[in-house]
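In: I'd like to go over a predicted model; first the sequence, then the structure.
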Amino acid sequence: MSIEQYQDTFIQRQFADRIGGANYGKDTAIYKFEKIKRAKAAARKDFPDIELIDMGVGEPDEMADAGIVAKLAEEAAKPENRGYADNGIPEFKEAASRYLKEVFGVEGIDPVTEIVHSIGSKPALAMLPSCFINPGDLAILTVPGYPVLGTHTQYLGGEVYHVPLTEENQFLPDLASIPEEIAAKAKLIYLNYPNNPTGASATKEFFIEVVTWAKKYDIVVVHDAPYAALTYDGLKPLSFLSVPGAKEVGVELHSLSKSYNMTGWRIGFVAGNPLIIKAFSDVKDNNDSGQFIAIQKAAAYGLSKPEITEKIAEKYSRRHNLLVEALNELGFKAKKPRGSFFLYVEAPQGVEGGPSFASAEDFSQYLIREKLISTVPWDDAGHYVRFSVTFAANGIEAEKQVIEEIKGRLGGVKFVF
């Protein structure tokens with residue numbers, strides 16, 4: 001039977017309200033990433049001889065370091081590593097504690113009580129609301145941003161309040177703009193720096209403000225930091241936990257996906273307040289049985305060698321330089337970020353003598369269908385598109401060729417801003 005035929009059975013009536021209830025699957029709205037997927041397929045069909053340049057992919061274009069891969073193979077062959085890992089092995093947690101100290105200058109993180117591994121950051125973000133959110137409770141999220149914590153807050157019957165990230169405020173949330181009644185009700189605030197999609201970096205002064213604000217309103221801070229070690233042009237990696245008082249109000253999530261080219265390995269950790277770590281560990285224990293021990297040991301090896309990330313950051317910095325220069329030559333107002341592999345650029349209003357764009361999504365669709373360049377649009381707070389410098393290119397000369405190809409495809413039109 002097809003999905004449509006099953007929609008007429010009793011199964012359709014059993015779905016939980018959180019995913020749509022009896023109307024689940026009947027919504028005809030097409031979401032952003034599905035629109036991108038369909039547009040890419042159509043562009044490839046219409047222009048089979050032209051390679052689509054994918055600047056929207058939010059994952060590394062290279063494999064993990066050869067030493068990490070070799071460590072995995074070595075540990076995977078050991079029979080003692082075959083079993084359940086539950087909430088993690090001491091070796092990984094100790095490596096994570098040393099990593100926080102060596103790379104971010106975070107002192108005094110107890111690997112036993114203040115760190116727990118996660119199967120990547122996404123599951124951790126999905127589980128954390130279960131530690132805090134009851135029906136009617138409130139979480140604060142920034143937009144544009146990664147919505148997983150908000151989605152699970154709503155699954156649990158909670159509410160979400162969005163704070164816009166604007167260029168005028170360096171893409172940092174204006175905490176003072178949050179209404180008193182919202183701050184008084186909120187249990188969680190979710191932050192992410194360096195930020196996806198804006199590429200913005202936080203400052204120590206901002207994190208100090210966050211701690212003060214969180215203490216005033218008794219709000220738990222969840223800082224998602226998968227790009228924290230990917231910084232450029234002299235900017236030192238900054239951890240929320242390096243700020244005095246941070247451990248009293250929250251936790252920080254780290255992942256090896258972006259900083260070590262280990263996206264598919266699904267390994268990271270949560271660090272910070274020991275009571276939150278305990279609660280998260282209990283919830284996690286009822287959701288998974290831990291990541292494969294050999295992966296944890298390979299990840300511990302990687303965390304002991306931060307120079308791997310430094311080399312990756314050099315590549316992304318170089319690519320950012322090339323892309324920013326090219327886009328500015330074409331009339332954009334692109335500014336290189338100092339962290340992450342995302343470049344967030346205001347979308348034009350249209351093309352001179354051509355189509356107009358009412359939204360960033362309109363512009364993104366134009367780039368895919370007409371120029372075979374894929375980006376991700378964001379219309380949550382202004383109209384912007386996100387370019388990712390994780391595009392496929394093997395070596396410096398190949399990177400230059402990709403950027404020159406972008407300039408060539410876009411050089412024939414004049415954008416109106």
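Out: It's in.

In: Name the residues that touch stretch 81-89?
Out: Stretch 81-89 is contacted by residues 75, 116-117, 269, 281, 284-285, 289-294, 296-297 when judged by C-beta atoms under 8 Å, 6 or more residues apart in numbering. (C-beta placed from N, C-alpha, C; glycine too.)

In: Going by distance to L323, which of the residues you listed wins?
Out: Nearest to L323 among the contacts of stretch 81-89: F269, at 31.3 Å, using C-beta to C-beta.

In: Report the beta-bridge partners for that closest one.
Out: H117, H254 (DSSP bridges).

In: Distance of it relative to A381?
Out: Separation of F269 from A381 (C-beta to C-beta, to the nearest Å) stands at 30 Å.

In: Comparing the two, which residue is more hemmed in?
Out: Using other C-beta atoms under 10 Å as the criterion, F269 and A381 rank with F269 on top: 29 against 18.

In: show me the contacts for the more buried one.
Out: 88, 92-93, 96, 115-118, 253-254.

In: do the same with G354
Out: Going by C-beta under 8 Å, 6+ apart, G354 touches V413.

In: Just give me the neighbour total for L322.
Out: With other C-beta under 10 Å as criterion, L322 counts 18.

In: Surely it touches E399?
Out: Yes. In this structure L322 lies within contact range of E399 using C-beta atoms under 8 Å: 6.3 Å.

In: which is the next helix or strand following the lowest-mean-pLDDT helix or strand in the chain?
Out: Least confident helix or strand of the chain, by mean pLDDT, DSSP states H and E, is helix 3-6 with a mean of 73. Next along the chain after helix 3-6, taking DSSP states H and E as the criterion, comes helix 10-14.

In: Any chance you could list what contacts that next one?
Out: 6, 22, 24-25.

In: any idea of the mean pLDDT in that helix?
Out: In this model, helix 10-14 has an average pLDDT of 91.

In: Just give me how far the longest helix anywhere in the chain sits from the chain centre.
Out: In the chain, taking DSSP state H as the definition, the longest helix is helix 307-329. Remark: helix 307-329 is offset 18 Å from the chain centroid, using C-alpha atoms, centre = their mean, to the nearest Å.

In: Likewise for stretch 350-370?
Out: 26 Å.

In: Now do the same contact list for A214.
Out: Counted by C-beta under 8 Å, 6+ apart, A214 has contacts 189, 220-221, 249-250.

In: Which strand or helix spans it?
Out: Counting by DSSP H and E, A214 is found in helix 204-217.

In: how about the CA coordinates for that helix, as PDB?
Out: Extracted in PDB, the C-alpha atoms of helix 204-217 (Å, rounded to 0.1, in the frame of the first residue of the first chain):
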ATOM      1  CA  LYS A 204      34.100  37.300  26.600                       C
ATOM      2  CA  GLU A 205      32.200  40.500  27.600                       C
ATOM      3  CA  PHE A 206      29.000  39.000  26.000                       C
ATOM      4  CA  PHE A 207      29.300  35.700  27.900                       C
ATOM      5  CA  ILE A 208      29.900  37.700  31.100                       C
ATOM      6  CA  GLU A 209      26.600  39.500  30.400                       C
ATOM      7  CA  VAL A 210      24.900  36.200  29.800                       C
ATOM      8  CA  VAL A 211      26.000  34.800  33.100                       C
ATOM      9  CA  THR A 212      24.800  37.900  35.000                       C
ATOM     10  CA  TRP A 213      21.500  37.800  33.200                       C
ATOM     11  CA  ALA A 214      21.000  34.100  33.700                       C
ATOM     12  CA  LYS A 215      21.600  34.400  37.400                       C
ATOM     13  CA  LYS A 216      19.200  37.300  37.700                       C
ATOM     14  CA  TYR A 217      16.300  35.300  36.200                       C
END
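
In: need the contact list for the residue nearest the centre of the chain.
Out: The residue lying closest to the centre of the chain (C-alpha atoms, centre = their mean) is N196, at 5.2 Å. With contact set as C-beta under 8 Å, 6+ apart, N196 has these partners: 58, 145-146, 226-227, 340, 342.

In: Would you check the residues you listed and say which has the weakest pLDDT?
Out: G58 (89).

In: Number of residues surrounding that one?
Out: Considering only other C-beta under 10 Å, G58 is surrounded by 17 other residues.

In: Does it touch S388 like I think?
Out: Yes. In this structure G58 lies within contact range of S388 using C-beta under 8 Å: 5.8 Å.

In: Can you tell me the element N261 falls in?
Out: Using DSSP H and E, N261 maps to neither a helix nor a strand.

In: Spatially nearest residue to it (excluding sequence neighbours)?
Out: Of all residues not flanking N261 in the chain, P60 sits nearest, at 4.2 Å (C-beta to C-beta, 6 or more residues apart in numbering).

In: Let's verify the one you found: helix, strand, or coil?
Out: Secondary structure state of P60, per DSSP: H, G, I helix; E, B strand; the rest coil, is coil.

In: Please report the distance of I373 from S364.
Out: Remark: distance between I373 and S364 (C-beta to C-beta) = 9 Å.

In: which phi and psi does the nearest residue to N192 once chain neighbours are set aside have?
Out: Ranked by C-beta to C-beta, 6+ apart and with sequence neighbours excluded, the top spatial neighbour of N192 is D224, at 4.3 Å. Backbone torsions of D224, given as degrees, to the nearest 10, read phi -90, psi 120.

In: can you count the residues close to D224?
Out: By other C-beta under 10 Å, the residues close to D224 number 28.

In: what's the answer for K215, then?
Out: Neighbours around K215, by other C-beta under 10 Å: 13.

In: how about the strands of the chain, start to end?
Out: With DSSP state E as the criterion, the chain has strands at 53-54, 115-118, 138-143, 159-164, 186-192, 220-224, 250-255, 268-272, 342-346, 350-351, 373-374, 376-378, 384-388, 415-416.

In: With that, I have no additional questions.
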